[in-house]
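Asker: A structural model of the following input is requested.
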Amino acid sequence: MSPDAEETADTEQRSATHGRLIEEDLPSLVRAAGWDSIGSLGEKSCLGTADLEEAVRETKWIGSSSASDVPPSEATAIAEDIARDAERLGWSPQEGSGPNGDRLYGATKEDLTLVVTHQTGGGRASLSLAIHSPCLEMPEGHTLTRSTLDPMYGSGDELYPGEDTSKFTNGEPKPLPDPSDDSSSPRP
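Answerer: Sure, this is the predicted structure:
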C-alpha cells in the first residue's frame, strides 16, 4: 500500500472512530442531563460551503442535544450531572468558561471535546451539550456519515448518500438506545 493510500485509510478510519466514540458516550450524557433524545449526531463539513464536492474535503463529527427555557440554577445542576457522568466515562475536565463566558463544563477524551453551554438572550435561556472531533482532511470521494440516532438519518439528503430511507422518522427524535445496546453504531 502506498503512503498516500495508508494516510487516506487512516484518516477515514480515524473519522469513523470519532463517530463511534461520540455515539457511545452521547446517549449516557443526554440521560444524565435528564433529556430523552439526541438533537443531531453526524459528520459535518468544516468548510462552510454549499458545494457538495468541496464540503466533504474537510469534516468533523458533532453530536448534540439541548433544552430550552432552562434557568441558570437548573442549568448549573444539570451541568454538574453531565460532568459526573462524563468523568465516569473517562472524560478529563478542562478549566475555563469559554470565549463568551457561557461554558458551564468542558472536557476532553482522546481528541474529542465535550462542551456544556448555557446561553441567554431574547428572554430565553437554552442549555446545550455538544461533543465534537477535530476537523480532518478527507480523501477525494469521501461521503459524509450520520448516525442512525440522528433524527434526520434516512432523510435522503444528498450530503449523506447510502442512508436507509426506511428509517427516516420525519425529523422526530429517536429514543435513546438501551445503555447495554451497542447496535446503533455509524454505518461503515
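
Asker: so the nearest residue to Leu89 once chain neighbours are set aside is in which element?
Answerer: Counting by Cβ to Cβ, 6 or more residues apart in numbering, the nearest residue to Leu89 once its immediate chain neighbours are dropped is Asp25, at 5.3 Å. Every residue, glycine included, has its C-beta placed from N, CA and C. Applying DSSP states H and E as the criterion places Asp25 in helix 3-33.

Asker: how about the nearest residue to Gln94, chain neighbours excluded?
Answerer: Gly106 (4.2 Å).

Asker: quick check: the gap between that neighbour and Gly63.
Answerer: 15 Å (Cβ to Cβ, to the nearest Å).

Asker: looking at those two, which one has more neighbours?
Answerer: Gly63 (29 against 20; other Cβ atoms under 10 Å).

Asker: what score does the more buried one have for pLDDT?
Answerer: At Gly63, the predicted lDDT confidence score is 98.

Asker: torsion angles phi and psi at the residue nearest to Gln94?
Answerer: phi -140, psi 150 (degrees, to the nearest 10).

Asker: got any ranges where the chain has weak pLDDT?
Answerer: Flagging of the chain using pLDDT under 70 yields the residue ranges 1-9, 101, 181-188.

Asker: which parts of it are helices?
Answerer: 3-33, 52-55, 72-88 (DSSP state H).

Asker: which one of these lies closest to Asp178?
Answerer: helix 3-33 (9.1 Å; Cβ to Cβ).
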